[in-house]
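**Student:** pasted the sequence and its predicted model underneath.
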Amino acid sequence: MSPTTLNARILSSGGRALYLGPAFDLAAHRTSVAVLCCDVSGSLEVARDPFQPKGDWVACRTLFVPAGTLHRVRSSAQAIACVYLDPQGADVAGQAAAMTCTHDGFATHHRREDEICALVTAVVRAQIEPADMHARLAVVCNFSPTPATDERIAKVITRMRGTPGDTHSLTALAAEVGLSPSRLQHLFKACTGLPLRRFRIWNRMGAAITAVSAGASLTVAAHRAGFSSSAHFSTAFRAMFGLCPSDLVAAGLRRHPH
């Protein structure tokens with residue numbers, strides 16, 4: 001049975017997000033996070049020079065692009081998987097090292113490419129659920145396990161997730177759990193792998209996408225998540241992921257909280 005077209009789906013966990021769905025025809029762009037891509041059809045191509053789309057292209061099934069790197073990708077795949085990794089998290093160096101072919105600005109051919117592609121194919125064929133794939137992918141890619149969370153950090157995370165639109169200043173959060181701001185920063189990074197400021201960005205982005213996938217307009221979703229406007233949300237989303245949230249909505253977006 002051949003893979004079929006998959007609606008756009010997003011699964012997120014801390015400073016990591018997984019996109020599953022159709023490939024988008026994007027112009028050359030940079031993302032503020034690193035990205036590991038998998039195209040099970042083998043039609044993924046990366047321009048050696050993003051400014052010269054008529055020049056040479058590198059064909060691959062798996063691709064790693066560091067944060068802030070200008071790149072241009074094309075694919076005719078019915079389904080593609082992209083794992084977005086925060087550059088301040090612990091997973092980026094490991095995935096960069098797992099790529100076997102290095103090019104100028106990007107790398108291709110993950111050491112465990114066959115296993116990654118098999119997981120994506122299993123989701124496309126509805127053999128496993130996206131959440132199961134997310135968990136298995138973490139093992140295959142050797143993502144850093146989340147340390148045991150201090151109850152005070154758990155309280156901060158619950159507070160931020162429950163009210164994503166609030167300011168959540170470091171001073172206020174620290175006072176709420178009886179820590180100094182500097183101690184909260186240190187403990188939060190130790191427990192989550194991310195600085196509190198970066199977690200706040202991911203949390204707001206996830207809240208907005210959850211609202212959009214539930215049927216809210218971009219304007220309503222943006223305000224609920226703490227963005228000043230839908231334009232602010234769209235600009236931040238495009239900077240992080242390289243495409244607009246409206247593109248995901250058009251692709252039948254569904255979000256799976258994790």
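**Tutor:** That came through, no problem. As the structure is a prediction and not an experimental result, all values here were calculated from the model.

**Student:** buried sites along stretch 208-217?
**Tutor:** For stretch 208-217, a neighbour-count test (16 or more other Cβ atoms under 10 Å) marks A208, I209, T210, A211, V212, S213, A216 as buried. Yep, even glycine has a C-beta here, placed from its N, CA and C like the rest.

**Student:** for the chain, which element, helix or strand, carries the lowest mean pLDDT?
**Tutor:** In the chain, no helix or strand scores lower on mean pLDDT, DSSP states H and E than strand 254-257, which sits at a mean of 63.

**Student:** what about the helices in the chain?
**Tutor:** For the chain, applying DSSP state H gives helices covering 92-98, 113-124, 130-140, 151-162, 170-176, 181-192, 196-213, 218-224, 230-241, 245-250.

**Student:** of those, give the one that comes closest to L70.
**Tutor:** helix 230-241 (12.9 Å; Cβ to Cβ).

**Student:** quick one: the closest one to chain centroid distance?
**Tutor:** Averaging C-alpha positions (Cα atoms, centre = their mean, to the nearest Å) puts helix 230-241 13 Å from its chain's average.

**Student:** contact partners of that helix?
**Tutor:** For helix 230-241, contacts defined as Cβ atoms under 8 Å, 6 or more residues apart in numbering pick out 17, 19, 29-33, 84, 201, 205, 208-209, 217-219, 221-222, 225, 227, 243-246.

**Student:** weed out the non-buried ones from those.
**Tutor:** Buried, going by 16+ other Cβ under 10 Å: 17, 19, 29, 31-33, 84, 201, 205, 208-209, 218, 221-222, 225, 227, 243-245, out of the contacts of helix 230-241.

**Student:** how does this protein divide into domains?
**Tutor:** 9-140, 151-241 (automatic domain parsing).

**Student:** out of those domains, which is closest to L253?
**Tutor:** domain 151-241 (4.8 Å).

**Student:** taking the mean pLDDT, what do you get for that closest one?
**Tutor:** Taken as a whole, domain 151-241 has an average pLDDT of 91.

**Student:** first to last residue in it, what's the distance?
**Tutor:** With Cα to Cα, to the nearest Å as the measure, domain 151-241 spans 32 Å from end to end.

**Student:** hmm, back to that, so which of the helices of the chain is the most packed in?
**Tutor:** Each of the helices of the chain was scored by mean neighbour count; the highest is helix 196-213, a mean of 22, by mean count of other Cβ atoms under 10 Å.

**Student:** against which helices or strands is that helix packed?
**Tutor:** strand 9-13, helix 151-162, helix 181-192, helix 218-224, helix 230-241, helix 245-250, strand 254-257 (3 or more Cβ pairs under 8 Å, 6 or more residues apart in numbering; DSSP states H and E).

**Student:** these into JSON lines, with extra columns for distance to D25?
**Tutor:** Converted to JSON lines, those look like this (distance: least, Cβ to Cβ, whole Å):
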{"stretch": "strand 9-13", "distance to D25": "19"}
{"stretch": "helix 151-162", "distance to D25": "34"}
{"stretch": "helix 181-192", "distance to D25": "35"}
{"stretch": "helix 218-224", "distance to D25": "21"}
{"stretch": "helix 230-241", "distance to D25": "15"}
{"stretch": "helix 245-250", "distance to D25": "10"}
{"stretch": "strand 254-257", "distance to D25": "21"}
